[in-house]
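K.L.:
next one to model:
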Amino acid sequence: MRRLLDDGLLARIHERAAAHDRDNTFPDDDFAELRTAGYLAALAPERLGGAGLSLEELTAEQTRLAQAAPATALAVNMHLVWTAVAKTLLDRGDDALEFVLREAAAGEVFAFGVSEAGNDLVLFGSTVAAAPRADGGYAYTGTKTFTSLSPVWTRLGTFGLDSTSEDAPRIVWGFLDRSADGIEIREDWDTLGQRATQSNTTVLTGAVVPADRIVRRLPPGPNPDPLVFGVFVNFEILLASVYAGIAHRAVALAAEAAARRTSLKLGGASRSDDPDVRRRIASAALIDDGLDPQIRSLARDVDERADHGPWWFAKASGLKVRVTDQAKGVVDQAILVGGGSGYAASSELSRLYRDVLAGAFNPSSADSALTTIATAVLGPVSSPDS
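P.N.:
Numbering: from 1, shown residues only. This next block holds a predicted model:
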């Protein structure tokens, strides 16, 4: 598979990761180098100025980047999701988001303005108001949480609820320019892990998306529209890629710790000779070895336009939950192998432990995924009158 990120770049990003975590700062140097490497336009076709990577190839690169710096990978992931959505639509004959690929190649940075406090409908509902304007644009008012790339984004892909038009209610998707009035970014990101993502809260107060940047008006609730499909599936696949990278790095660190530490019980021999340690690392590696194939397989299905019908959402949400849960299990084992030094805040294993916990808070949740999978297997819940 083709690569955009060379080992030297990844080594420099890895070297800076601890300081960004400690200081709770955005990795500006990482982002500048990723931009120079053409990574922001990895999925854009060559005719639009991009590298023309497939989604499968990008998942491999995201996993490599996450091994170097999970928070940097998760931050840029949100921009890459939008380019993946645009590519998914374009591959299926829909050019509504081709401008995303073109502008990403020109240096624009797209943020993912989707999460809202209290909105457990996620893509299928909204607490943000989208008020229609006479010129065809919409004014958005409300609060978006977990807006990664807050210091650097130039475009915000977002949605809100139009409750006043004749065909209301409608979920209205559009792209805000950072220069628009009515955008406030609250510097409130101070979390346990994934600190360098700087996923600050974004408050919109009548922020206007012009008519030519409104890309969908959809009924609330589950929807087969290609945009919803693209957002959901690409988000889950690329997110899983990041957490797989955390697991890979944890196994490597566990092996290093086992070789470095000695055991009085073994007469001063390396802990890597301890059968309990060997079994623990082998158990972690066994789980870790299964992460990449499942991610690559589903990404390849997106690239090749496989037909999973109603199973697509179940497969994507299941992948995310499975990989994030398994990655956490791998890090749990690695922490135990690393010993007490891994409990220090400055330890890389400690940082990986804190970073991997974020997977439980990224959608889809386990409960949501199980509901989706149950619907795919059993069909929708019967109404009392049926």
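K.L.:
I'd like to know how many residues surround Arg186.
P.N.:
Using other C-beta atoms under 10 Å, Arg186 has 13 neighbouring residues. Every C-beta, even on glycine, is put in place using the N, C-alpha and C of the backbone.
K.L.:
show me what it is bridged to.
P.N.:
Following DSSP bridges, Arg186 is listed with bridge partners Thr201.
K.L.:
test my guess that it contacts Leu204.
P.N.:
No. Judged on C-beta atoms under 8 Å, Arg186 makes no contact with Leu204 at a distance of 11.8 Å.
K.L.:
give the buried residues for stretch 306-326.
P.N.:
Of the residues in stretch 306-326, 312-324, 326 count as buried by neighbour count, 16 or more other C-beta atoms under 10 Å.
K.L.:
by contact count, what packs against the lengthiest helix in the chain?
P.N.:
Longest among the helix segments of the chain by residue count, using DSSP state H, is helix 226-260. Applying 3 or more C-beta pairs under 8 Å, 6 or more residues apart in numbering; DSSP states H and E, one finds that helix 226-260 contacts helix 55-68, helix 70-91, strand 214-218, strand 269-270, helix 275-288, helix 291-303, helix 312-338, helix 348-357.
K.L.:
any idea which of these gets closest to Tyr138?
P.N.:
strand 214-218 (6.1 Å; C-beta to C-beta).
K.L.:
quick check: Gly107 is in a strand.
P.N.:
No. Assigned with DSSP: H, G, I helix; E, B strand; the rest coil, Gly107 falls outside any strand and is coil.
K.L.:
possible to save the helices and strands packed on helix 226-260 as CSV with mean pLDDT and distance to Ala17?
P.N.:
CSV is the format used below for the helices and strands packed on helix 226-260 (pLDDT from 0 to 100; distance: least, C-beta to C-beta, whole Å):
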stretch, mean pLDDT, distance to Ala17
helix 55-68, 98, 7
helix 70-91, 98, 7
strand 214-218, 98, 35
strand 269-270, 67, 27
helix 275-288, 95, 20
helix 291-303, 98, 21
helix 312-338, 96, 15
helix 348-357, 97, 7
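K.L.:
so which of these is nearest Glu256?
P.N.:
helix 312-338 (8.8 Å).
K.L.:
check which helices and strands the closest one sits against.
P.N.:
Using 3+ C-beta pairs under 8 Å, 6+ apart as the contact test, the elements touching helix 312-338 are helix 226-260, helix 275-288, helix 291-303, helix 348-357, helix 366-378.
K.L.:
adding distance to Gly93, write these out as CSV.
P.N.:
Listed next are those as CSV, based on distance: least, C-beta to C-beta, whole Å:
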stretch, distance to Gly93
helix 226-260, 9
helix 275-288, 38
helix 291-303, 15
helix 348-357, 38
helix 366-378, 26
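K.L.:
I'd like those as TSV, with distance to Arg47 and mean neighbour count appended.
P.N.:
Shown next, in TSV, are the helices and strands packed on helix 312-338 (distance: least, C-beta to C-beta, whole Å; neighbours: other C-beta atoms under 10 Å):
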stretch	distance to Arg47	mean neighbour count
helix 226-260	20	24
helix 275-288	38	16
helix 291-303	18	20
helix 348-357	37	22
helix 366-378	36	15
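K.L.:
of those, which approaches Leu53 most closely?
P.N.:
Judging the helices and strands packed on helix 312-338 by C-beta to C-beta, what sits closest to Leu53 is helix 291-303, at 9.9 Å.
K.L.:
confirm that Ala207 sits in a helix.
P.N.:
No. Ala207 is assigned strand when assessed by three-state DSSP, not a helix.
K.L.:
OK, contacts around Thr63?
P.N.:
241-242, 244-245, 248, 292, 295 (C-beta atoms under 8 Å, 6 or more residues apart in numbering).
K.L.:
if you set the cut-off to 7 Å instead, what comes out?
P.N.:
Counting by C-beta atoms under 7 Å, 6 or more residues apart in numbering, Thr63 touches 241, 244-245, 248, 292.
K.L.:
looking at these, which is nearest Pro70?
P.N.:
Nearest to Pro70 out of the contacts of Thr63 is Gly245 (C-beta to C-beta; 6.6 Å).
K.L.:
would you confirm that the closest one contacts Ala66?
P.N.:
Yes. Using C-beta atoms under 7 Å as the test, Gly245 is close enough to Ala66 to be in contact (2.6 Å).
K.L.:
and for those two, which residues touch both?
P.N.:
Shared contacts of Gly245 and Ala66, counting by C-beta under 7 Å, 6+ apart, come down to Ala73.
K.L.:
residue closest to the middle of the protein?
P.N.:
Per C-alpha atoms, centre = their mean, the C-alpha nearest to the average position across the chain is that of Leu239, at 3.6 Å.
K.L.:
go ahead and confirm that one touches Val321.
P.N.:
No. Contact status for Leu239 versus Val321: not in contact, 10.4 Å apart, counting by C-beta under 7 Å.
K.L.:
relative to Ala11, how far out is the closest residue to Thr205 other than its chain neighbours?
P.N.:
Spatial nearest neighbour of Thr205, chain neighbours left out: Gly182 (4.3 Å); criterion: C-beta to C-beta, 6 or more residues apart in numbering. Separation of Gly182 from Ala11 (C-beta to C-beta, to the nearest Å) stands at 42 Å.
K.L.:
with Ala376 instead?
P.N.:
The value you get for Ala376 to Ala11, if C-beta to C-beta is used, is 43 Å.
K.L.:
ditto for Arg300
P.N.:
From Arg300 to Ala11 the distance is 29 Å (C-beta to C-beta).
K.L.:
show me the contacts for the residue nearest to the centre of the chain.
P.N.:
Leu239 makes contact with 77, 320, 362 under the criterion C-beta under 7 Å, 6+ apart.
K.L.:
and what of Ala366?
P.N.:
Residues in contact with Ala366 (C-beta under 7 Å, 6+ apart) are Val321.
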